[in-house]
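**Q** Structure for the following, please:
(chains A, B, C and D)
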2 protein chains.
Amino acid sequence: MTVVTVQDVKSTPRATLLLRDLDRGEGINLFDGTHCSTCQLRELCLPGGLTGRDIGRMDELVYGRKRVKRGQFLYQAGDPFHSLYAVRTGFFKSNLLMEDGRDLVTGFHMMGEVMGMDGIGTGTYASNVTALDDCEVCALPYTHLENLSRNMPSLQVHFHRILSSEIVRARSVILWLGSMCAEQRLAAFMLNLSQRFTARGYSPSEFYLRMTRVEIGSYLGMKHETVSRLFSRFQDDGLVSVRQRRIRILNQEGLKNILEQRVPSAPH
Amino acid sequence: MTVVTVQDVKSTPRATLLLRDLDRGEGINLFDGTHCSTCQLRELCLPGGLTGRDIGRMDELVYGRKRVKRGQFLYQAGDPFHSLYAVRTGFFKSNLLMEDGRDLVTGFHMMGEVMGMDGIGTGTYASNVTALDDCEVCALPYTHLENLSRNMPSLQVHFHRILSSEIVRARSVILWLGSMCAEQRLAAFMLNLSQRFTARGYSPSEFYLRMTRVEIGSYLGMKHETVSRLFSRFQDDGLVSVRQRRIRILNQEGLKNILEQRVPSAPH
DNA sequence: CGCGAGGTTGACAATTGTCAAACGCCGTGG
DNA sequence: CCACGGCGTTTGACAATTGTCAACCTCGCG
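**A** Presented below is the predicted three-dimensional model:
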């Protein structure tokens, strides 16, 4: 795996220096015509809710695109923090490599979603982000974002909104892990994927998983054998059709009902 | 239980109106001498890292204190969002009341910690916050915070830092729930409490739990009987002394070792 | 065509939940 | 002041979900 490392920009506060430093990073394409104002993902992404000339001002912010090949890191835990990244195409996972060698998956990220917010607090990314596909992201240098949002209340508001919704998202995973049995966690996961694909204009009922059973299991706190068995059970019950990574949801209501079940035997 | 409700301030954007509206809330004491500049919790709280005159400017931000009696809500999921709250004294839990009646605990909050960030995104608090003690909090009206942080880069930076660290905190709970067995989760919990008490100048090895076994279990994704059994086991092993809610950590290294164990039988 | 990673399934074992009983602590009311 | 009642805690016996280990299968790729 190739590791993409970029310079720490903390010692070079001025914007021009920042740009030069970032330029040393691998795989960043500058001035390639990437603009929020013409991006179809705008409403799902950081500029969501901005209007008129404010959108044009966002274009200053996006420093450039960066390609990440399947299996490569976008960044790793411990790398110096300097940018947020918005997914343009492809699919990522956030993961932690634990001392004992296990790979713990903490999230999956698709088009329009913003990654890297865990690095703001410490100046160092707190997890890895790994491409599950050949991917493309927009790099948003953080000091630019801070400066721009000071002068653009609508951006400030929306940025805080995105930070906050990341907190809410994490809390919903805690809810899955803390209060649902394996069956319910997997149902919630598939409904969540379906909903996110729908918001992006894809089919709500048919999609390809970009991650392995092991990665799903790690994310949902269960072993890959359990994931596999549950897929089979759902298929037997006529709720979904599963063949390898191709998922078709046949009975969305049925899946939702699983979440409601007054769990006779709660997991924990 | 008494529910403390406060007005929605969205329809009254101007600061003066905001102040009048908040004044209608129960239990808020205005101008009672609460000041960040003289607060001992400053470094742990929102003004952390600010210097000189910037600290003085924070005083504008803190609208007043508010007392919440044991068992009362500070706010409830669904209440309109207008303020963040910093804990001055006492102990809180964040919790969600689920349709089936279960009470899911998503966090515990002690002195100096900031609560309510889950409401920024939607304009509505996403969970309840319940006092486990008789408590006192500082109310930080959010529109004030936004305005002040636009003109005070050091505050902006630190506010973003706090939002980000909330994301990191949530992720560490996900790590507990997703990758550790019950024994490890409880050990991690006790070490986490110990570390937070230490940061506030209390004993690292001796403290009272403010929450019940049921609440601990809910937070850690296990039943209260399991919590109880594990406390007993830890006591038998000489790691801690537990009598009701009084905890004494006798062997911190031993607790840490539990976390390292190459889990022969991982939970999930 | 064969290899290897990923996926499925089975038999068994382990952790953890369930149900039940008993105990201690504490505040309320007689 | 004491008794009572309720909530929280502890402990036991048993059952359930989920992990473990192992075998086999599928598919894509060199």
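**Q** CA atoms of the helix or strand containing A:Val214 as CSV?
**A** Element membership for A:Val214, per DSSP states H and E: helix A:213-220. Below are the C-alpha coordinates for helix A:213-220, written out as CSV (Å, rounded to 0.1, in the frame of the first residue of the first chain):
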residue,chain,number,x,y,z
ARG,A,213,-18.0,-9.2,5.0
VAL,A,214,-15.0,-8.7,7.4
GLU,A,215,-15.3,-5.0,7.1
ILE,A,216,-19.0,-5.0,7.6
GLY,A,217,-18.6,-7.2,10.7
SER,A,218,-15.9,-5.0,12.1
TYR,A,219,-18.1,-1.9,11.7
LEU,A,220,-21.1,-3.6,13.2
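**Q** so after it, what's the next helix or strand?
**A** helix A:224-236.
**Q** The following helix or strand past that next one and DNA strand C in contact?
**A** Once helix A:224-236 ends, the next helix or strand along the chain (criterion: DSSP H and E) is strand A:240-243. Yes - Strand A:240-243 lies within reach of DNA strand C by Cβ under 7 Å from any atom of the strand, at A:Val242. C-beta here means a position set from N, CA and C on the backbone, and glycine is covered the same way.
**Q** got the contact list for strand A:240-243?
**A** Under the contact criterion Cβ atoms under 8 Å, 6 or more residues apart in numbering or on different chains, strand A:240-243 has outside partners A:Met190, A:Phe231, A:Ser232, A:Phe234, A:Gln235, A:Ile247, A:Arg248, A:Ile249, A:Leu250, A:Asn251, A:Leu255.
**Q** And that strand, what's buried?
**A** A:Val240, A:Val242 (16 or more other Cβ atoms under 10 Å in any protein chain shown).
**Q** and what of stretch A:78-91?
**A** Within stretch A:78-91, the residues that count as buried by 16+ other Cβ under 10 Å are A:Asp79, A:Pro80, A:Phe81, A:His82, A:Ser83, A:Leu84, A:Tyr85, A:Ala86, A:Val87, A:Arg88, A:Gly90, A:Phe91.
**Q** Let's have these in a markdown table, adding pLDDT and distance to B:Ile162.
**A** Output for the buried residues of stretch A:78-91, formatted as a markdown table (pLDDT from 0 to 100; distance: Cβ to Cβ, whole Å):
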| residue | pLDDT | distance to B:Ile162 |
| --- | --- | --- |
| A:Asp79 | 97 | 22 |
| A:Pro80 | 97 | 20 |
| A:Phe81 | 97 | 15 |
| A:His82 | 95 | 20 |
| A:Ser83 | 96 | 20 |
| A:Leu84 | 97 | 17 |
| A:Tyr85 | 97 | 22 |
| A:Ala86 | 96 | 23 |
| A:Val87 | 96 | 25 |
| A:Arg88 | 94 | 29 |
| A:Gly90 | 95 | 31 |
| A:Phe91 | 97 | 30 |
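**Q** Take the residues you listed and keep only those in helices.
**A** Among those, no member is found in helices (DSSP state H).
**Q** Farthest pair within those?
**A** Farthest-apart pair in the buried residues of stretch A:78-91 is A:Pro80 and A:Phe91; separation 25.1 Å (Cβ to Cβ).
**Q** Taking helix B:213-220 as reference, get the angle to the longest helix along chain A.
**A** The longest helix of chain A (DSSP H) is helix A:153-179. If you take axes from the mean of the first three to the mean of the last three Cα atoms, to 10 degrees, helix A:153-179 sits at 120 degrees to helix B:213-220.
**Q** Just the mean pLDDT for helix A:153-179, thanks.
**A** Averaged across helix A:153-179, the pLDDT comes to 95.
**Q** Remind me what it packs against, helices and strands.
**A** With contacts defined as 3 or more Cβ pairs under 8 Å, 6 or more residues apart in numbering or on different chains; DSSP states H and E, helix A:153-179 has these neighbours: helix A:52-58, strand A:103-109, helix A:142-150, helix A:182-199, strand B:103-109, helix B:142-150, helix B:153-179, helix B:213-220.
**Q** what pLDDT, on average, does the first one get?
**A** What it means is helix A:52-58. 87.
**Q** Check which element follows that helix along the chain.
**A** Assigned by DSSP H and E, the successor of helix A:52-58 is strand A:64-68.
**Q** and of the buried residues of stretch A:78-91, the nearest to chain B?
**A** Nearest to chain B among the buried residues of stretch A:78-91, counting by Cβ to the nearest Cβ, is A:Phe81 at 9.3 Å.
**Q** list the contacts for the closest one?
**A** With contacts defined as Cβ under 8 Å, 6+ apart, A:Phe81 is in contact with A:Gly116, A:Gly119, A:Ile120, A:Thr122, A:Gly123, A:Thr124, A:Tyr125, A:Tyr142.
**Q** Closest one of these to DNA strand D?
**A** A:Tyr125 (27.8 Å; Cβ to the nearest atom of the strand).
**Q** ok so, going back, how many degrees apart are the helix holding A:Val214 and helix A:182-199 in direction?
**A** Going by the same axes, to 10 degrees, helix A:213-220 makes 100 degrees with helix A:182-199.
**Q** circling back: list the buried residues of the longest helix of chain A.
**A** For helix A:153-179, a neighbour-count test (16+ other Cβ under 10 Å) marks A:154-156, A:158-171, A:173-179 as buried.
**Q** Dump the contacts of A:Phe81 to a markdown table, plus secondary structure and pLDDT.
**A** Shown next, in a markdown table, are those (DSSP: H, G, I helix; E, B strand; the rest coil; pLDDT from 0 to 100):
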| residue | secondary structure | pLDDT |
| --- | --- | --- |
| A:Gly116 | coil | 98 |
| A:Gly119 | helix | 97 |
| A:Ile120 | coil | 97 |
| A:Thr122 | coil | 95 |
| A:Gly123 | coil | 96 |
| A:Thr124 | strand | 97 |
| A:Tyr125 | coil | 97 |
| A:Tyr142 | helix | 95 |
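**Q** Narrow those to just the buried residues.
**A** A:Gly116, A:Gly119, A:Ile120, A:Tyr125, A:Tyr142.
**Q** okay, these in JSON lines with distance to A:Ser203 next?
**A** Shown next, in JSON lines, are those (distance: Cβ to Cβ, whole Å):
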{"residue": "A:Gly116", "distance to A:Ser203": "29"}
{"residue": "A:Gly119", "distance to A:Ser203": "34"}
{"residue": "A:Ile120", "distance to A:Ser203": "35"}
{"residue": "A:Tyr125", "distance to A:Ser203": "33"}
{"residue": "A:Tyr142", "distance to A:Ser203": "35"}
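**Q** near chain B too, which of the residues you listed?
**A** Residues of these in contact with chain B (Cβ under 8 Å from any Cβ of the partner chain): A:Gly119, A:Ile120.
**Q** Between the buried ones among the contacts of A:Phe81, which sits nearest DNA strand C?
**A** Closest approach between those and DNA strand C, by Cβ to the nearest atom of the strand: A:Tyr125, at 23.8 Å.
**Q** how's chain A carved up into domains?
**A** A:15-170, A:180-260 (automatic domain parsing).
**Q** pLDDT value on A:Leu104, please?
**A** For A:Leu104, pLDDT reads 94.
**Q** okay but it is in contact with B:Leu175, surely?
**A** Yes - contact status for A:Leu104 versus B:Leu175: in contact at 6.3 Å, counting by Cβ atoms under 8 Å.
**Q** Spatially central residue in chain A, please.
**A** Against the mean C-alpha coordinate of chain A, by Cα atoms, centre = their mean, the closest residue is A:His109 at 2.2 Å.
**Q** Distance of it relative to A:Arg102?
**A** Distance of A:His109 to A:Arg102, given as Cβ to Cβ, to the nearest Å: 21 Å.
**Q** just A:Asp236 next, same as before
**A** Taken as Cβ to Cβ, the span from A:Asp236 to A:Arg102 is 30 Å.
**Q** And the two? Which one has more around it.
**A** The residue with more neighbours, out of A:Asp236 and A:Arg102, is A:Arg102; 14 against 8, by other Cβ atoms under 10 Å in any protein chain shown.
**Q** Many thanks, we can stop here.
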